[in-house]
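Asks: I'd like to go over a predicted model; first the sequence, then the structure.
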Amino acid sequence: MLFENTRRPIPNSLRARLAVPLLTTMAASVLAQHVPEQEPRPGEQRFNRFIYKASHNSYAQSESLNDQIDHYNVWQIELDIWWNNGGCDTVRHCCTDSTHSFADELSHIFGAVTAGQRFTVVYLEMKVPGGWCPCQENWPSRSVYRQCVYNTIAGAGDVGRVYPASDFVSVDQSRWPSWQELLRRGKNLMFILDELAGDLGGPFDDSFFFGVTAGNPPPAGLPANTVLVSLDAGCDTYPIEQGPQQVNDRWLYRAWPGLCALDACIHMNDEYWTTAVGLGFNLVATNCVDQDHTLAAPTHSPQPLYIREYYPSSAPQYGTLGFPYIADSGLMSGISRASPMVDVIISGSTYDVTRAGGSPYIIAKPVVLKARPSAVGANAILR
């Protein structure tokens, strides 16, 4: 079936209410004392056991990067970076497209309200001149461009929040921890550097950046920091036929819409999406950031997942900061949507779930219920 275009921007009148201070769950001293755990705790799963919504050419979408993270449940951001005027601050798709600042885009990622409460994958695709994009400069030596990219990241936010490839290899023995464990360590981001284009010749080993391959299954002998298989998943007319071929604790699989999709939602919101999700790709990239089907199960739910006692009735309910679930029935829907061990943030009010459901409501999976006081300081009461 064809999913309907359901573009629903967040009302400007509500944005001020959403710009709440970042919730912190652990003091810095506690984070410093946390001993890394290699095995997920009860109820948790390794990060690569889920399917996550990703955005394709994230910088080119109508929604800002922080909105994509906070309000549209995007777990993976993609930035196309170019070497231009002796630096790496240019983000755009091709020569005639709008130019964005790499540093500015990174500041939106670091500055998302929920950034400290979830884990975000940042996919950096290094673009090279040639073909239909001949206008840019060639990249300098690897040591020069990697230092430039790293310095830009460090200038935009706290790199102490970044999960480095060296930790994956040495601390975690090339096995994904749970995202909850990464948060316990104070890690909210990772950066994947796609060095496959042109004569770059990647992937290459690195202590900070993760690497990517287009081989499925991934070929033997790849550097230990290579964890992502990124595949052209076609479009609605010609969706990919083969899913992940090497499923273990190391590999993530990313599906992205190919040329036949023409970067248009109408060509990637049906068979492309359902096929990639059905085949079990971990990161399913889409340009349809705000459409309902991209925010629905079986993709991983928002983290945190928000429930409020009141919100405009016309607003959709996704469980995100900008589009929370609402009232009694919303609380049940939100808990049903929540992935294992997600923080369910409940605004102060009384939620009569028994009355709304017609019988006692049973929570039959591991979730973390947290009360978030309302403006008048009311408790969150479930009955």
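Replies: Nice, I can see it. Residues are numbered from 1 along each chain as shown.
Asks: avg pLDDT for the helix or strand where Glu78 lies?
Replies: In the assignment (DSSP states H and E), Glu78 maps to strand 76-84. Strand 76-84 carries an average pLDDT of 96.
Asks: elements contacting it?
Replies: strand 52-55, helix 65-71, strand 87-91, helix 102-110, strand 120-126, strand 283-286 (3 or more CB pairs under 8 Å, 6 or more residues apart in numbering; DSSP states H and E). For the C-beta atoms, the positions are set from N, CA and C on the backbone; glycine is no exception.
Asks: repeat that for 6 Å
Replies: strand 87-91, strand 120-126 (3 or more CB pairs under 6 Å, 6 or more residues apart in numbering; DSSP states H and E).
Asks: ok, residues contacting the shortest one?
Replies: To tie it back to what came earlier, the one meant is strand 87-91. 59, 79, 81-82, 84, 99-103, 105, 148-149 (CB atoms under 6 Å, 6 or more residues apart in numbering).
Asks: Please repeat the previous calculation with a cut-off of 8 Å.
Replies: Outside strand 87-91, the residues within contact range by CB atoms under 8 Å, 6 or more residues apart in numbering are 59, 79-84, 99-103, 105, 136, 145, 148-149, 152.
Asks: check contacts around the spatially most central residue of the chain.
Replies: When the chain is reduced to its mean C-alpha position, the closest residue under CA atoms, centre = their mean turns out to be Trp75, at 0.9 Å. By CB under 8 Å, 6+ apart, the contact set of Trp75 is Tyr52, Lys53, Ala54, Arg118, Phe119, Thr120, Val121, Leu283, His300.
Asks: And these, which is closest to Thr226?
Replies: Proximity of the contacts of Trp75 to Thr226 (CB to CB) peaks at Val121, which lies at 14.3 Å.
Asks: for the helices and strands packed on strand 76-84, which one sits closest to Gly334?
Replies: For the helices and strands packed on strand 76-84, the distance to Gly334 is smallest for strand 120-126, at 21.4 Å, taking CB to CB.
Asks: which residues touch the closest one?
Replies: By CB under 8 Å, 6+ apart, the residues outside strand 120-126 that reach it are 52, 54, 69, 74-81, 106, 109, 112, 139, 145, 149, 188-195, 197, 200, 209, 212, 228, 230, 252, 254, 283.
Asks: Kindly recompute the last result at 7 Å.
Replies: Residues from elsewhere that reach strand 120-126 (CB atoms under 7 Å, 6 or more residues apart in numbering): 69, 75-81, 109, 139, 149, 188-195, 197, 200, 283.
Asks: what angle separates that strand from strand 76-84?
Replies: Relative orientation of strand 120-126 versus strand 76-84 (axes from the mean of the first three to the mean of the last three CA atoms, to 10 degrees): 30 degrees.
Asks: Make JSON lines from the helices and strands packed on strand 76-84 and add distance to Trp273 and mean neighbour count to it.
Replies: JSON lines is the format used below for the helices and strands packed on strand 76-84 (distance: least, CB to CB, whole Å; neighbours: other CB atoms under 10 Å):
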{"stretch": "strand 87-91", "distance to Trp273": "25", "mean neighbour count": "21"}
{"stretch": "strand 120-126", "distance to Trp273": "18", "mean neighbour count": "23"}
